[in-house]
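Enquirer: here are the coordinates; sequence isn't available:
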């Protein structure tokens, strides 16, 4: 085969970097926006119980940086990791997916 068929394909290292970064974006709901330029996001995930094989909800509250203070309680948002900005805040608001009614 010729190498011309692989011209548009990303290299293996590029593919791993893109998939790793995309996997780190989390989606959750804003539960608090009382801090200045910060929000608290509740992220829920479903994990399979090792013994009973049922799916169980697990949740985490993550503090995220909201530079423009544009989120309100109930908004569905996506967040991405960043460098540590404070003791508990190492995530940044990526985008607002759905506004609260």
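Expert: Cool, the structure landed. Only a predicted model underlies this, so the values are computations on that prediction, with no experimental measurement involved. Numbers count the residues shown, from 1 in each chain.
Enquirer: which residues touch the nearest residue to residue 33 once chain neighbours are set aside?
Expert: Distances taken as C-beta to C-beta, 6 or more residues apart in numbering put residue 39 closest to residue 33, at 5.0 Å, once the chain neighbours are dropped. (Each C-beta comes from the backbone N, C-alpha and C, glycine too.) Residues near residue 39 by C-beta atoms under 8 Å, 6 or more residues apart in numbering: 30, 32, 33, 63, 64, 66, 71, 77, 93.
Enquirer: beta partners for residue 28?
Expert: Here residue 28 sits in beta bridges with residue 77, going by DSSP bridges.
Enquirer: In this structure it contacts residue 45, no?
Expert: No: Residue 28 lies out of contact with residue 45 (C-beta atoms under 8 Å); the separation is 9.6 Å.
Enquirer: So between those two, which is more surrounded?
Expert: residue 28 (23 against 13; other C-beta atoms under 10 Å).
Enquirer: Just list the residues touching the more buried one, thanks.
Expert: Neighbouring residues of residue 28 by C-beta under 8 Å, 6+ apart: 41, 42, 43, 44, 62, 76, 77, 79.
Enquirer: Of these, keep whichever come out buried.
Expert: 41, 43, 62, 77, 79 (16 or more other C-beta atoms under 10 Å).
Enquirer: Right, I'll call it a day here.
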